[in-house]
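A.B. asks: Predicted model and sequence follow; I will ask about them next.
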Amino acid sequence: MSPELFAFTGAADRVAVFAIKCLAVAGGFLIGYFLGGVIAWALDRWVFAKKSPEALKKVVSIVCGIALAILVALIVFGEGGSGLFGGGGGTPGDGKGAPDSEDKGKTPPAPPTPPEPKDKQPKIEIKPPDPKPGSPEMRVVIRAGADVKNGEFYEVDGDPNPKSLATLKEIVDTRRKDEKGELMIFFRFKSVPLPPGHAAMRELDKWLKEAKILHRFD
């Protein structure tokens with residue numbers, strides 16, 4: 001649809017809506033005038049005993065007609081757009097109407113990335129100290145999944161027979177007593193890493209911290 005034709009159609013719609021509103025106000029006046037006449041007749045018959053002048057009856061009818069016309073005008077010409085009863089004349093939604101054909105194939109722009117807060121502190125990871133040259137070392141492989149039986153997760157220094165945590169503690173205690181220097185334990189996972197929340201990992205972490213054992217996960 002060309003812009004000229006769209007503008008002409010929109011103007012014609014606004015004129016038609018305005019005419020309908022005016023007719024609604026005129027109809028409100030006629031209905032109010034009629035109701036005013038009925039009210040004046042009722043008052044004259046049952047209250048004033050047919051003693052009120054005709055001019056008073058006419059004034060009552062006109063006042064009622066004007067009052068109802070004003071009420072209708074407030075309803076149809078109220079805020080909210082160019083609709084018949086204050087609603088928008090466009091399609092329901094955001095009030096922008098139907099999109100043009102040129103905009104249908106366009107991809108909407110991506111929302112902007114919110115800036116990072118200025119007070120955000122960089123994450124600091126504490127790395128275990130490197131072992132001193134000549135210090136004793138122990139290498140432990142941690143099993144997972146179907147490789148674990150009877151709670152035996154740990155292979156110590158290449159021994160394929162898995163050990164439980166209690167047995168691992170005994171081996172480490174013996175090595176720490178026999179070896180000179182601080183024992184350093186290197187851990188690695190055999191296949192699938194155990195999540196930090198796993199019970200075996202929680203118990204291992206608790207023991208390493210309480211015993212103050214130097215360790216590292218490769």
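C.D. replies: Arrived safely, thanks for sending.
A.B. asks: Tell me how the chain divides into domains.
C.D. replies: With automatic domain parsing as the criterion, the domains of the chain are listed as 3-91, 137-217.
A.B. asks: Lowest average pLDDT across those domains?
C.D. replies: Comparing mean pLDDT across those, the weakest is domain 3-91, with a mean of 74.
A.B. asks: picking that back up, Pro109 is nearest to which of the domains of the chain?
C.D. replies: Pro109 lies closest to domain 3-91 among these, at 23.1 Å (CB to CB). (C-beta placed from N, C-alpha, C; glycine too.)
A.B. asks: hmm, back to that, could you save the domains of the chain as a markdown table and add columns showing distance to Pro112?
C.D. replies: Output for the domains of the chain, formatted as a markdown table (distance: least, CB to CB, whole Å):
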| stretch | distance to Pro112 |
| --- | --- |
| domain 3-91 | 28 |
| domain 137-217 | 35 |
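A.B. asks: for these, which one sits closest to Pro108?
C.D. replies: Closest to Pro108 of the domains of the chain, according to CB to CB: domain 3-91, at 18.9 Å.
A.B. asks: How far does the closest one sit from its chain's centre?
C.D. replies: 46 Å (CA atoms, centre = their mean, to the nearest Å).
A.B. asks: Same question for stretch 147-167.
C.D. replies: 48 Å.
A.B. asks: how long is it end to end?
C.D. replies: One end of stretch 147-167 to the other measures 18 Å (CA to CA, to the nearest Å).
A.B. asks: Need the three-state assignment for Leu30.
C.D. replies: helix (DSSP: H, G, I helix; E, B strand; the rest coil).
A.B. asks: so the closest residue in space to it that isn't next to it in sequence is in which element?
C.D. replies: Closest residue in space to Leu30, ignoring its immediate chain neighbours: Gly65 at 6.9 Å, by CB to CB, 6 or more residues apart in numbering. Assigned by DSSP states H and E, Gly65 falls within helix 54-76.
A.B. asks: Can you list the helices and strands that that helix packs against?
C.D. replies: With contacts taken as 3 or more CB pairs under 8 Å, 6 or more residues apart in numbering; DSSP states H and E, helix 54-76 sits against helix 3-46.
A.B. asks: Please name every helix or strand in contact with the helix it packs on.
C.D. replies: Partner elements for helix 3-46 (3+ CB pairs under 8 Å, 6+ apart): helix 54-76.
A.B. asks: what's in contact with the helix it packs on?
C.D. replies: With CB atoms under 8 Å, 6 or more residues apart in numbering as the contact definition, helix 54-76 has outside contacts at 21, 24-37, 39-41, 43-44, 84-86.
A.B. asks: my read is His215 is in a strand, agree?
C.D. replies: Yes. His215 forms part of a strand when assessed by three-state DSSP.
A.B. asks: Find the residue closest to it in space, skipping its chain neighbours.
C.D. replies: Ile185 (4.4 Å).
A.B. asks: I believe the one you found is in a strand; please confirm or correct that.
C.D. replies: Yes. Assessed with three-state DSSP, Ile185 lies in a strand.
A.B. asks: show me the residues around it that make contact.
C.D. replies: Counting by CB under 8 Å, 6+ apart, Ile185 makes contact with Glu137, Met138, Arg139, Val140, Val172, Leu208, Ile213, Leu214, His215, Arg216.
A.B. asks: So the first one versus Ile213, what's the distance?
C.D. replies: Which is Glu137. Glu137 is 12 Å from Ile213, where distance means CB to CB, to the nearest Å.
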